[in-house]
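S.K.: Build me a structure from this.
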Amino acid sequence: METKNTDASASEPTTEPKIATQPVIDTQSEPETNSNESAPKEQAQQQSSTPWGIIITLFLLLILAFASVAGGYYLYQQLQAQQAESAKLTQQLQAALVEPNQRIASLEQQQGRFATSVENAMAQSLEQQTQLEERVSIIAQRNPNHWRAEEAKYLVRLAGQKLWLEKDPSTATSLLKAADERIKSMRDPSLMPLRKALSKDIAAVASVKNTDISGTVLTLDAIIDNLDKLPLNRAETHFSSEEVADTQMTESLDDWQSNLAKSWQALIDDFVIVRKRTTDAAPLLEPDQQWYLVENTKNKLLQAQLALYRQDQVNYRNSIKLARKWIFQYFDLKDQQTTDTLATLDALETLKIQSTSIDRFAASNMLNQLVTYGNLMTEEAQ
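M.R.: Predicted coordinates for the structure are as follows:
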């Protein structure tokens, strides 16, 4: 077709322009129709492929939206759980802080009360100190006789301790006499009733016989220490002299028969011995019985010491008697230590324990009055 168009255009270049141009138009319109036919096909193909992409895209978007919603809901749940846990912890913390707060409050109250009590105690101590200073100033203004009265009161108190606690009436008498000398040095005629009471106390204490308790206890201690050294009785057999004479042989030949009989009798006696005792044999003690004997005797002497301290005359004498009886019965009476021990126990048994009947000194109340008020109170004032 292109060759035909070229030939026509060469033969008629000017007279038929329209004919020359017509094939060109046809030749150009033919491919347009082809392009118009192929375009719907491409559009159909494009239209057929577009819905699947959109569906896939929408599906992906839905998945993403669902995932984002699920993640948001999970985060919301976690946030709610954390808020609930934090609220629970807050409540537990508040509950745990209740007791410490209460204790702190109680401690603050106690501290307040303690501070108040300390202040009160300080105020009382200051008041007592003021009173003491006033009393000291009053005492300092007194005459020297007050100090003599204080000294006499101390001496009388010390005499009471010697008499009732240490059982020493002689020292108590000396202390009462020293107190009377202090009152006498005051040269106050109004104190004659006090001196009279002191003289009465001195006479009463001097009448108490002095029992040497300390010396007696030491003597009993010496006996207890030497008790292990005392020898015990031993069984000694005493035979008659006739039996001994019968076993002796003579030197005379005329007595050969009797000598033979005595020899035969001596030979028999080596196998069987029968002897006659002229005295009773004391039984021997076994070692354990000897130990019990010594320990029981010591125990009785210790009981005597205890009764001596308690001024129990009956138990003291009973203990001494029983200890002496055991020593006399089971120990060797021929030994000098045993006889000395028995003599000492005989002397201790005669000891008389005298307890004082004085409960209180008559001068004690008057001395208290003299020290407190500076003079003796009359009977009407009492």
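S.K.: mean confidence score for stretch 98-108?
M.R.: Stretch 98-108 carries an average pLDDT of 86.
S.K.: ugh, wrong one, I meant stretch 346-362
M.R.: Here the average pLDDT along stretch 346-362 is 84.
S.K.: can you give me how far that stretch is from the chain middle?
M.R.: Taking the mean of its C-alpha atoms, stretch 346-362 sits 42 Å from the chain's own mean (CA atoms, centre = their mean, to the nearest Å).
S.K.: do stretch 312-326 as well
M.R.: The chain centroid and the centroid of stretch 312-326 are separated by 42 Å under CA atoms, centre = their mean.
S.K.: Name the surrounding residues that touch that stretch.
M.R.: For stretch 312-326, contacts defined as CB atoms under 8 Å, 6 or more residues apart in numbering pick out 293, 296-297, 300-301, 303-304, 307-308, 342, 345-346, 348-349, 351-353. Bear in mind the C-beta positions are built from the backbone N, C-alpha and C, glycine included.
S.K.: Just the buried residues of these.
M.R.: Among those, the ones that count as buried by 16 or more other CB atoms under 10 Å are 293, 297, 300-301, 303-304, 307-308, 345, 348-349, 351, 353.
S.K.: quick one: contacts for Arg187?
M.R.: Arg187 makes no contacts at all, as judged by CB under 8 Å, 6+ apart.
S.K.: Assign it to helix, strand or coil.
M.R.: coil (DSSP: H, G, I helix; E, B strand; the rest coil).
S.K.: Got phi/psi on it?
M.R.: Dihedral angles of Arg187 (phi, psi; degrees, to the nearest 10) stand at phi 50, psi 50.
S.K.: how close does it get to Lys177?
M.R.: As judged by CB to CB, to the nearest Å, Arg187 and Lys177 stand 18 Å apart.
S.K.: And for Tyr154?
M.R.: Counting by CB to CB, the gap from Tyr154 to Lys177 is 14 Å.
S.K.: residues near Leu155, how many?
M.R.: Using other CB atoms under 10 Å, Leu155 is surrounded by 22 other residues.
S.K.: Touching, Leu220 and Ala347? I think so.
M.R.: No - applying CB atoms under 8 Å as the test, Leu220 and Ala347 come out as separate, 11.7 Å apart.
S.K.: For these two, indicate the residue with more neighbours.
M.R.: In this view Leu220 and Ala347 are compared by other CB under 10 Å, and Leu220 has more residues nearby, 22 against 12.
S.K.: which element is the more buried one on?
M.R.: Element membership of Leu220, judged by DSSP states H and E, is helix 213-226.
S.K.: And that helix, how far out from the chain middle?
M.R.: 38 Å.
S.K.: where does the stretch 201-350 of the chain have low pLDDT?
M.R.: 234-255, 267-288 (pLDDT under 70).
S.K.: same thing but 50
M.R.: When residues are selected by pLDDT under 50, those of the stretch 201-350 of the chain lie in 237-245, 277-283.
S.K.: where do the helices sit along it?
M.R.: In the stretch 201-350 of the chain, the helices defined using DSSP state H, counting those that start in this stretch lie at 213-226, 241-246, 256-269, 287-309, 313-330, 336-349.
S.K.: For Val371, find the nearest of those helices.
M.R.: helix 213-226 (33.1 Å; CB to CB).
S.K.: buried set for the closest one?
M.R.: Neighbour-count burial for helix 213-226 [16+ other CB under 10 Å]: Ile213, Thr216, Thr219, Leu220, Ile223, Ile224.
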